[in-house]
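Participant: fold the stuff below for me.
(chains A and B)
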Amino acid sequence: GENVEQHPSTLSVQEGDSAVIKCTYSDSASNYFPWYKQELGKRPQLIIDIRSNVGEKKDQRIAVTLNKTAKHFSLHITETQPEDSAVYFCAASQGNSGYALNFGKGTSLLVTP
Amino acid sequence: GAVVSQHPSWVICKSGTSVKIECRSLDFQATTMFWYRQFPKQSLMLMATSNEGSKATYEQGVEKDKFLINHASLTLSTLTVTSAHPEDSSFYICSAYSADYSPLHFGNGTRLTVT
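Facilitator: Now for the predicted structure:
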């Protein structure tokens, strides 16, 4: 089955700096890669996703890059703000299987003022 | 659109009792629903995939007789934790899939505490 590795497990940055979280996956059949933000005790919220037919996608301060050859994808947050502090999960799935997601272990991001 | 409602949001039960958790898609029909479990400070682990009108598919290591899943309609799936034990205490969260409303949408989750 799919195995998603995520690094780092914790990340602390100063407000205004950039944060990068990296994930690798094992199943070459995976073609959908979402990123979720989860605050304590709440459901994961989709923040951005990318499909295998594109290499990069950007939404304001958030961007995701995908390298299918190397089987890795990354989340980039620029101009970080304290409210960006949360746990971020990457995931991978095969889009035609009803979107059963395989999650990475998560990255706890702390943005200090 | 694509709202997923999960109930209850939290529940405390005694060891040996059963607890039912409901997952509803409010404004779309979900052909597939997924049940995840999340222990504190850990990731979401897929427990089972539930397709309307058929038996759920359980992930390896998940006891199907302990975690009963019913997906009787296109808008409702239920997870029943039978004979609960303290080690079943966790955050259970469902998600629903519809080709018209991709990507996946999560319910609010249920915090189960077994005493």
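Participant: remind me which residues of the chain are low pLDDT?
Facilitator: Unless you meant another one, I'm taking chain A. Chain A contains residues with pLDDT under 70 at A:95-99.
Participant: ah, I was thinking of chain B
Facilitator: In chain B, residues with pLDDT under 70: B:1, B:100-103.
Participant: residue boundaries of the strands in it?
Facilitator: B:4-7, B:10-13, B:19-25, B:32-38, B:44-51, B:57-58, B:67-73, B:76-81, B:90-97, B:105-106, B:110-114 (DSSP state E).
Participant: which elements pack onto the last one?
Facilitator: Going back to what we said before, that points to strand B:110-114. strand B:10-13, strand B:19-25, strand B:90-97 (3 or more C-beta pairs under 8 Å, 6 or more residues apart in numbering or on different chains; DSSP states H and E). To be clear about C-beta, it is placed using only N, CA and C from the backbone, and glycine gets the same treatment.
Participant: go on, the first one?
Facilitator: Counting by 3+ C-beta pairs under 8 Å, 6+ apart, the packing neighbours recorded for strand B:4-7 are strand B:19-25, strand B:90-97.
Participant: in its sheet, what does the longest one sit against?
Facilitator: Take DSSP bridges as the rule and strand B:90-97 pairs in its sheet with strand B:32-38 (antiparallel), strand B:105-106 (antiparallel), strand B:110-114 (antiparallel).
Participant: in JSON lines, list those strands along with mean neighbour count.
Facilitator: Formatted as JSON lines, these follow (neighbours: other C-beta atoms under 10 Å in any protein chain shown):
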{"stretch": "strand B:32-38", "mean neighbour count": "24"}
{"stretch": "strand B:105-106", "mean neighbour count": "23"}
{"stretch": "strand B:110-114", "mean neighbour count": "19"}
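Participant: burial measure for the residue nearest to A:Glu56 when sequence neighbours are not counted, as a count.
Facilitator: Leaving aside its sequence neighbours, A:Glu56 sits nearest to A:Thr65 (C-beta to C-beta, 6 or more residues apart in numbering or on different chains; 4.9 Å). Using other C-beta atoms under 10 Å in any protein chain shown, A:Thr65 has 17 other residues around it.
Participant: A:Thr65 bridge partners, please.
Facilitator: A:Glu56, A:Ser74.
Participant: hang on, the earlier thing: could you look over the helices and strands packed on strand B:4-7 and pick the most buried one?
Facilitator: strand B:90-97 (a mean of 25; mean count of other C-beta atoms under 10 Å in any protein chain shown).
Participant: tell me the contacts of B:Thr31?
Facilitator: Listed by C-beta atoms under 8 Å, 6 or more residues apart in numbering or on different chains, the contact set of B:Thr31 reads A:98, B:51-52, B:74, B:97-99.
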